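Asks: Quick check, what structure comes out for this input:
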Amino acid sequence: MLFSVSPISIAGASPSLASGSVVQINIGGKAMPPRVELSPGYNPDPLEVGHRSLAAMLHWRNLGGAFRGRAAALNALKEWAEGDELAKVKVISGEGGIGKTALAARLASELRQNKWSAGMAAPLASAASYESGKSGTLLILDYPEQNIPLVTSFLQVLVEERGKQTFKKLRRFRVLLLSRDPLEAWLDRTGLEKTGLFDPTPLPWDNGPADAYDMFDALLAEANRVIGVSAPQVDQKIFRAWLDSGAAENRRPLYIAAAAVHHADHWKRTAGQSPTFGFRGREIMIALADREVQKLRDISESATVGLDPWALPLLSAYAAMSGGLVFEQLQAIHESDEPPAVLSAAELAPKLDNAGLWTRHKEKPGEPHRVPPPEPDVLAAALVVHVLRQYEKFSPPAEIMWQAINLATEEFPLANLERLMHDAETDLAMGEEGGGVPSVWLEGFVDRAIAAATPRARELLERLDTLSQRLPTRGFMRALIAARRFLADTEGDPAKKASFLNNLSNDLSAAGRNPEALAAVEEAVKIRRDLAAANPARYAPDLASSLNNLSNRLSAAGGNPEALAAVEEAVKVYRDLAAANPARYAPDLASSLGARGKILQTLDRLGAAAASFEEGAAQVRPIAAQNPDAPPARVLRALEADAAQTRQLIADKTAPDPA
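Replies: Numbers count the residues shown, from 1 in each chain. Below is the predicted model:
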């Protein structure tokens, strides 16, 4: 991988560094990475009155200055960005709709006014060049989970390069990860906790009830203007009751914006004759998505477009799942038997132009026309579920999902589908309704990929395996079990096969299929024991991890003596690893010592159990002291509590009978 800095060259001239530099990030091996412009942030132009898409009013680009209660968070980010350190990374984490992207866009906009090169660079390209600014460079990576290996490699090389003289020309280099996963997950993935690259300081998310109401009021005024209505203000007490109703999503800025848009739109539709405020946030989002689908149906049937009523809703769903559609992808849909002729109308591109869906990217004039994915993500999730349910009479949802993913031009398209299904089933609880549900569709998608038996299908299933931590396990467990069983049964590489088996064992255990879970992890241990014997430096950690899982499976089956033997072996492996690298492996050793203590408790060996807990605490205590909020500190607190409880049990058993 190449990570280099060079002055900009224009017509053979090399301007001074004050005019900027080019940061070349090259993971794919290209000698001349393409130049990528950083997206600046907010749309400076307000939406026109009568804009046909309610969803557009919810997009972070168009929310502008409506956000309230973010001053402290914004100031903290500016202080982080403008610090003296050469290279720093920060994670803003949280579920969709809390305002991560809008906050980052505002930061970028303000930094650009101070001679920074700052903006959205997601998804991170495997080979790209970014222009730096005189004051600094900020790369914002939105949803970095969609390409964990690439982002991890990028950050690891950033650590290596930051001390080199050429890199110091950048003045300041900042990376902001807008992730649904917490900082601890990124520290674990990258192994960079000790490098000082990540800033662990949490942001002050000061979004109290007064700020939330001010935000709602400002967004309602904007919605009234765009929709062309005069929906009345909502009383502050009524709004506060809605905010405190127990629906957690109601406090997220995206859902507050959706409530304002829904209030104005519903007021216009009903002429103020039915309740327009007070619905739960997820109900509002689903209702807005349903109206978006109906608008697309109306446009499809209009005289200027003249398509089947489901043509544009289906295209929008395709765009959501594939990340956007260009002309070549539309041609592929035309030539396919799935879905049937609803999309095969002649001269589709001009019709899409008339429909307003065939657009160019304003910030990338060289990009081809495309059907953009609907946004925001959570509304897109509701739209996809609505369309696939209604269209199921023509084509199975899993088949449409399969085609959409195979049409995608993005490097890791399955991340789009995963995110949509996650939002639909968790944030919107659409799996609890009647009709088809996302988890069942994903199971069908896995069956379709297995049946295809192509390298592309296998690549998608392996990607699903890596994305599984983001999927709601209860609903999607059957799909993950089917994918991992197929991958394990057909994998020729022993190390990868053992990894699939280890993960499969966890899935089967969570599904209550304990005998199958035990068999899977026993096979994984056997493979990894052979691998570790041949190459202990590479495979001993994997063996210890599988031994811990084996111990858990044996304990669940009632075989505590066998479970103790497995965890004893894991402790031995981790003890050797921690002796050589305590920063990396002492927390793992401590966790295994804690697991050993639990099994010893069940065998009524309380003294040995207490000693195991205490040894684990001693192993992890120096590392935990460095950050009281990090995972090692939580491990320490649990071990200390277990040790104290076990010592008390011993004292109670040995105390003389008061009688």
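Asks: ok, for Tyr318, nearest residue in space, not its chain neighbours?
Replies: Among residues not flanking Tyr318 along the chain, Ala404 sits closest, at 5.0 Å (C-beta to C-beta, 6 or more residues apart in numbering). Just so you know, the C-beta spots here come from the backbone N, C-alpha and C atoms, and that holds for glycine as well.
Asks: typo on my end, it should be Leu254
Replies: Gly97 (3.3 Å).
Asks: Can you tell me the SS state at that neighbour?
Replies: On the three-state scheme (DSSP: H, G, I helix; E, B strand; the rest coil), Gly97 is labelled coil.
Asks: Count the residues that sit near it.
Replies: Neighbourhood size, Gly97 [other C-beta atoms under 10 Å]: 25.
Asks: surely it meets Glu249?
Replies: Yes - the pair Gly97 and Glu249 qualifies as a contact (C-beta atoms under 8 Å) at a distance of 6.7 Å.
Asks: picking that back up, can you confirm the residue nearest to Tyr318 is in a helix?
Replies: Yes - counting by three-state DSSP, Ala404 is part of a helix.
Asks: residues contacting it?
Replies: Ala317, Tyr318, Met321, Ser322, Leu417 (C-beta atoms under 8 Å, 6 or more residues apart in numbering).
Asks: And Ile481, how far from Val89?
Replies: 35 Å (C-beta to C-beta, to the nearest Å).
Asks: The two: which is more packed in?
Replies: The residue with more neighbours, out of Ile481 and Val89, is Val89; 25 against 21, by other C-beta under 10 Å.
Asks: what is in contact with Gly97 and Glu249 at once?
Replies: Any residue near both Gly97 and Glu249 by C-beta under 8 Å, 6+ apart counts here, and that gives Tyr255, Asp427.
Asks: What ranges does the stretch 101-250 of the chain have for its strands?
Replies: Listed in chain order, the strands of the stretch 101-250 of the chain (DSSP state E, counting those that start in this stretch) span 116-120, 127-131, 136-142, 173-179.
Asks: and the angle for the third one with strand 116-120?
Replies: In this case it means strand 136-142. 0 degrees (axes from the mean of the first three to the mean of the last three C-alpha atoms, to 10 degrees).
Asks: okay, Gly559: pLDDT?
Replies: At Gly559 the predicted local distance difference test score is 78.
Asks: rewinding a little: dump the strands of the stretch 101-250 of the chain to a markdown table, plus mean neighbour count, distance to Pro622 and mean pLDDT.
Replies: Putting the strands of the stretch 101-250 of the chain into a markdown table (neighbours: other C-beta atoms under 10 Å; distance: least, C-beta to C-beta, whole Å; pLDDT from 0 to 100) gives the following:
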| stretch | mean neighbour count | distance to Pro622 | mean pLDDT |
| --- | --- | --- | --- |
| strand 116-120 | 25 | 38 | 86 |
| strand 127-131 | 19 | 39 | 69 |
| strand 136-142 | 25 | 33 | 88 |
| strand 173-179 | 24 | 28 | 91 |
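Asks: Include distance to Ser592 when you put the ones you listed into a markdown table, please.
Replies: Converted to a markdown table, those look like this (distance: least, C-beta to C-beta, whole Å):
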| stretch | distance to Ser592 |
| --- | --- |
| strand 116-120 | 42 |
| strand 127-131 | 41 |
| strand 136-142 | 34 |
| strand 173-179 | 29 |
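Asks: Give me the nearest residue to Ala625, chain neighbours excluded.
Replies: Nearest non-adjacent residue to Ala625, counting by C-beta to C-beta, 6+ apart: Ala633, 7.9 Å away.
Asks: Kindly provide the distance from Ala557 to Met477.
Replies: 20 Å.
Asks: and if you look at Pro632?
Replies: Pro632 is 30 Å from Met477, by C-beta to C-beta.
Asks: do the same with Gln236
Replies: 44 Å.
Asks: Comparing the two, which residue is more hemmed in?
Replies: Met477 (20 against 13).
Asks: Check the more buried one and give its pLDDT.
Replies: 80.
Asks: Can you pull the phi/psi pair for it?
Replies: Dihedral pair for Met477: phi -60, psi -40, per degrees, to the nearest 10.
Asks: Which parts of the stretch 451-600 of the chain are helices?
Replies: Taking DSSP state H, counting those that start in this stretch to define them, one finds helices in the stretch 451-600 of the chain at 455-467, 473-490, 494-510, 514-534, 536-556, 560-580, 582-602.
Asks: closest to Trp267 out of those helices?
Replies: In terms of C-beta to C-beta, the element of the helices of the stretch 451-600 of the chain nearest to Trp267 is helix 473-490, at 35.5 Å.
Asks: how about the closest one: buried residues?
Replies: Applying a neighbour-count criterion of 16 or more other C-beta atoms under 10 Å, the buried positions in helix 473-490 are 475-477, 479-488.
Asks: go on, stretch 541-549?
Replies: Pro541, Asp542, Leu543, Ala544, Ser545, Ser546, Leu547, Asn548, Asn549.
Asks: Over to stretch 276-283?
Replies: By neighbour count on 16+ other C-beta under 10 Å, the buried set for stretch 276-283 is Thr276, Phe277, Phe279, Arg280, Gly281, Arg282, Glu283.
Asks: Restricting to C-alpha, output that stretch in CSV.
Replies: Taking Å, rounded to 0.1, in the frame of the first residue of the first chain, the C-alpha atoms of stretch 276-283 are listed here in CSV:
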residue,chain,number,x,y,z
THR,A,276,-51.5,15.2,12.6
PHE,A,277,-49.0,14.9,15.5
GLY,A,278,-48.3,12.4,18.2
PHE,A,279,-47.5,9.3,16.1
ARG,A,280,-44.5,7.2,17.1
GLY,A,281,-41.3,8.0,15.2
ARG,A,282,-41.1,4.6,13.4
GLU,A,283,-44.8,4.9,12.4
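Asks: and it, how far out from the chain's middle?
Replies: Averaging C-alpha positions (C-alpha atoms, centre = their mean, to the nearest Å) puts stretch 276-283 26 Å from its chain's average.
Asks: pLDDT below threshold where in the stretch 451-600 of the chain?
Replies: 467-475 (pLDDT under 70).
Asks: In which helix or strand does the residue nearest to Ala625 reside?
Replies: helix 631-654 (DSSP states H and E).
Asks: just how off-centre is that helix within its chain?
Replies: Relative to the mean C-alpha coordinate of its chain, helix 631-654 is positioned 35 Å out (C-alpha atoms, centre = their mean).
Asks: Likewise for stretch 73-90?
Replies: 23 Å.
Asks: Quick one: end-to-end distance for it.
Replies: 13 Å (C-alpha to C-alpha, to the nearest Å).
Asks: buried set for that stretch?
Replies: Ala73, Leu74, Ala76, Leu77, Trp80, Ala81, Leu86, Ala87, Lys88, Val89, Lys90.
Asks: Much appreciated, bye for now.
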